[in-house]
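Peer 1: fold the stuff below for me.
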Amino acid sequence: MAAGGLRRLDYDHGFFGWLTGGLTVQRSSIIGKTPAGLRVPPHLADYAAERAAFSWELARRQLAGLPGGGLNIAWEAVDRHAQGELRERVAFRFLGDPCLALPAQREVSFGELSRLSNRFANVLRELGVARGECLFILSGRIPELYVGMLGAFKNASVVAPLFSAFGPEPLATRIRIGQGAVLLTTASLYERKVAKIRDQLPSLRHVLVVGEDGARSDIPGTLDLGALMATAADEFEIVRTMPEDPALLHFTSGTTGTPKGAVHVHDAVVTHWATGRYALDLHPEDVFWCTADPGWVTGTSYGVIAPLVHGVTSIVDAGDFDAERWYRILHEQQVSVWYTAPTAIRMLMKAGSALARKYSFPQLRFVASVGEPLNPEAVWWGLEAFGLPIHDNWWQTETGGIMIANTPAADIKPGSMGRPLPGIDAAIVRRREDGSVEVIEAPDREGELALKRGWPSMLRGYLDNEERYRKCFSGDWYLTGDLARRDADGYFWFVGRADDVIKSAGHLIGPFEVESALMEHPAVAEAGVIGKPDPLVGEVVKAFVSLRQGFVASEALRRELLGHARQRLGAAVAPKEIEFVGTLPRTRSGKIMRRLLKARELGLPEGDTSTLESAGEAGSEAGSEAASREGC
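Peer 2: Now for the predicted structure:
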């Protein structure tokens with residue numbers, strides 16, 4: 001029974017509200033929270049008071065800082081814990097890939113992580129890798145990835161993570177832009193993807209290879225990492241880095257043209273601490289699972305840095321997405337805080353809630369999602385599957401950390417991205433012709449989402465693209481390129497990317513709103529919406545829909561969906577056309593590629609498809625939604 005004696009219908013049979021007295025009624029627009037319903041007292045209990053008291057300088061004081069001065073991500077994430085009472089605490093619990101010959105489980109403590117990352121830093125030093133030179137990492141979620149990243153921070157090297165499903169050309173493009181000096185990869189990935197482009201990478205001096213199944217690698221032109229680590233010293237004095245020294249290079253996929261390399265600095269760790277505290281509510285006793293691949297920004301910021309900074313144990317799963325395996329991990333590993341992606345949630349929904357009910361999740365207390373807007377239906381589905389709503393949040397590769405979030409103690413308005421975190425000032429603005437912006441003070445007006453500059457993880461530039469970087473700002477405002485609105489309670493609502501908005505008969509229609517309405521229908525697994533040129537109204541709304549298991553495409557179902565959308569949205573906003581598809585084109589990080597749907601519909605060039613998920617990869621990276629929404 002739900003609150004107030006209301007009984008929710010079983011999701012597998014579809015439901016659009018609550019059942020009471022034999023009548024189905026629309027769900028409430030708010031999921032209320034009470035302190036008594038929270039298992040752990042949240043860090044962000046009083047939103048207004050915490051925002052008023054917060055400053056980034058106070059947040060910096062929560063970190064240790066390098067002995068002798070300076071700030072280094074690896075020191076804050078690992079070494080300060082390894083030199084204290086958390087030395088023996090498990091930092092990472094690696095779960096093996098059942099499809100590969102990997103150990104079923106390996107635990108790495110903070111003390112061991114400190115020692116191993118010291119060894120890797122010594123390897124870089126012996127190879128002559130200098131301050132500021134770039135280490136690219138191309139691998140699955142194996143221990144060497146995490147050790148290499150942290151060791152590079154200690155050496156004052158810049159880390160550029162790469163998604164392991166990229167093909168040779170996207171890899172070559174990124175390594176060339178970043179002037180990569182060193183590449184850390186596996187033997188199989190090198191032979192399949194890197195060997196054929198090696199002669200196109202003049203800056204790449206060294207390739208460090210992890211042998212398969214722990215075996216020694218003897219690929220010509222590469223160095224066996226295992227052999228180098230075996231002879232490296234356990235001690236390393238961290239190279240002194242200052243807050244504004246570069247630490248990370250994250251590439252945005254872009255919509256056309258060359259990817260942009262967003263530069264982030266060591267000071268970003270302050271944002272990772274603050275957002276791990278407020279947005280994810282991490283406590284020392286938590287077991288945390290971020291399903292994002294470290295090849296994307298979410299997998300770095302929240303799959304590596306934030307949980308380490310808070311001294312919590314992280315689960316790392318090397319396997320591909322499998323609904324039952326994921327439920328089993330949540331159950332067996334006693335995960336308490338889970339950060340995942342809308343794509344993964346939709347795939348779990350598609351598998352049916354009966355599968356979730358085979359398992360219990362007694363420790364799970366908080367579920368969050370990022371990567372693209374979370375449809376209201378998915379928020380409510382969390383209550384069906386886990387007894388917990390799913391909390392959407394918003395940020396971008398460029399912001400480096402979570403900016404706006406639904407937090408544990410705050411009421412949820414399903415479909416909203418939440419409210420700005422402490423230290424973040426957000427507004428809805430309108431661009432003027434002279435390049436300045438006007439802040440829209442009235443609630444529920446659509447405009448561009450903007451953030452007041454000054455948070456520590458804000459990008460410091462696009463590599464070798466100063467002009468593009470400057471276009472991201474107007475005065476003190478960072479312009480995100482996302483259209484949104486702010487309601488009277490201060491909650492922000494995503495409307496769409498500026499270039500995705502549909503203009504029809506004088507109406508501005510956000511595709512997310514239409515997709516969300518379609519997904520409320522029990523037959524719909526996923527929906528992608530575009531504007532199709534029309535000589536009369538400018539554009540008409542067309543939806544591409546994939547169906548849940550047990551439903552078959554038919555003309556009757558198409559008419560039913562059109563009627564459902566008109567009832568929910570009104571005739572002016574609802575789609576005029578619906579096309580059934582087996583799957584929707586997505587980036588390898590899980591975002592639906594609306595521009596590709598539109599290009600294919602209109603017979604236009606598809607543009608940059610380097611991040612397009614191939615058919616064989618569908619589902620394999622559902623949980624690696626690390627590419628949070630990309631900005632300007």
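Peer 1: mind exporting the longest helix belonging to the chain as CSV, just the C-alpha atoms?
Peer 2: Counting by DSSP state H, the longest helix found in the chain is helix 110-126. Taking C-alpha atoms only, helix 110-126 is exported to CSV below (Å, rounded to 0.1, in the frame of the first residue of the first chain):
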residue,chain,number,x,y,z
PHE,A,110,43.3,3.2,0.0
GLY,A,111,46.8,2.1,1.2
GLU,A,112,47.4,-0.2,-1.8
LEU,A,113,46.0,2.4,-4.2
SER,A,114,48.4,4.9,-2.9
ARG,A,115,51.3,2.5,-3.3
LEU,A,116,50.3,1.4,-6.9
SER,A,117,49.7,5.0,-8.0
ASN,A,118,53.1,5.9,-6.7
ARG,A,119,54.6,3.2,-8.8
PHE,A,120,52.8,4.4,-11.9
ALA,A,121,54.0,8.0,-11.2
ASN,A,122,57.6,6.6,-11.0
VAL,A,123,57.1,4.9,-14.3
LEU,A,124,56.1,8.2,-15.9
ARG,A,125,59.1,9.9,-14.3
GLU,A,126,61.5,7.3,-15.5
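Peer 1: what packs against that helix?
Peer 2: helix 80-82, strand 90-95, helix 143-154, helix 225-231 (3 or more Cβ pairs under 8 Å, 6 or more residues apart in numbering; DSSP states H and E). Just so you know, the C-beta spots here come from the backbone N, C-alpha and C atoms, and that holds for glycine as well.
Peer 1: try 7 Å
Peer 2: Helix 110-126 sits against helix 80-82, helix 143-154, helix 225-231, with contacts defined as 3 or more Cβ pairs under 7 Å, 6 or more residues apart in numbering; DSSP states H and E.
Peer 1: ranking those by burial, who's on top?
Peer 2: helix 143-154 (a mean of 26; mean count of other Cβ atoms under 10 Å).
Peer 1: just the residues contacting the longest helix of the chain, thanks.
Peer 2: 74, 78-79, 81-82, 86-89, 91, 147-148, 150-152, 154-155, 157, 182, 228-229, 232-236 (Cβ atoms under 7 Å, 6 or more residues apart in numbering).
Peer 1: what's the burial count for Ile428?
Peer 2: Neighbours of Ile428 under the rule other Cβ atoms under 10 Å: 25.
Peer 1: equivalent analysis for Val90, please.
Peer 2: Val90 - counted by other Cβ under 10 Å - has 17 other residues nearby.
Peer 1: what about it, distance to Leu280?
Peer 2: 18 Å (Cβ to Cβ, to the nearest Å).
Peer 1: do Lys193 as well
Peer 2: From Lys193 to Leu280 the distance is 33 Å (Cβ to Cβ).
Peer 1: list the buried ones in stretch 452-459?
Peer 2: Trp455, Pro456, Ser457, Met458, Leu459 (16 or more other Cβ atoms under 10 Å).
Peer 1: so who does the last one touch?
Peer 2: Contact partners of Leu459, counting by Cβ under 7 Å, 6+ apart, are Ala262, Val263, His264, Glu398, Gly400.
Peer 1: check Leu348 too.
Peer 2: Ala323.
Peer 1: quick one: pLDDT of it?
Peer 2: Note on Leu348: pLDDT of 93.
Peer 1: quick check: the residue lying closest to Ser114 once chain neighbours are set aside vs Ala74, distance?
Peer 2: Nearest non-adjacent residue to Ser114, counting by Cβ to Cβ, 6 or more residues apart in numbering: Ala82, 3.6 Å away. Distance, Ala82 to Ala74, using Cβ to Cβ: 10 Å.
Peer 1: show me what the helix or strand following the longest helix of the chain is packed against.
Peer 2: Sequence order places strand 134-138 as the next helix or strand after helix 110-126, per DSSP states H and E. With contacts taken as 3+ Cβ pairs under 7 Å, 6+ apart, strand 134-138 sits against helix 143-154, strand 158-162, helix 168-178, strand 180-186.
Peer 1: mean pLDDT added to the ones you listed, as TSV?
Peer 2: Conversion of the helices and strands packed on strand 134-138 to TSV gives the following (pLDDT from 0 to 100):
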stretch	mean pLDDT
helix 143-154	98
strand 158-162	97
helix 168-178	90
strand 180-186	98
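Peer 1: shaky segments in this protein?
Peer 2: Residues of the chain meeting the criterion pLDDT under 70: 1-27, 97-104, 253-257, 506-508, 588-590, 606-632.
Peer 1: next one: the residue lying closest to Phe54 once chain neighbours are set aside from His310, what distance?
Peer 2: What sits nearest to Phe54 in space, not counting adjacent residues and going by Cβ to Cβ, 6+ apart, is Pro422, at 3.6 Å. Distance of Pro422 to His310, given as Cβ to Cβ: 16 Å.
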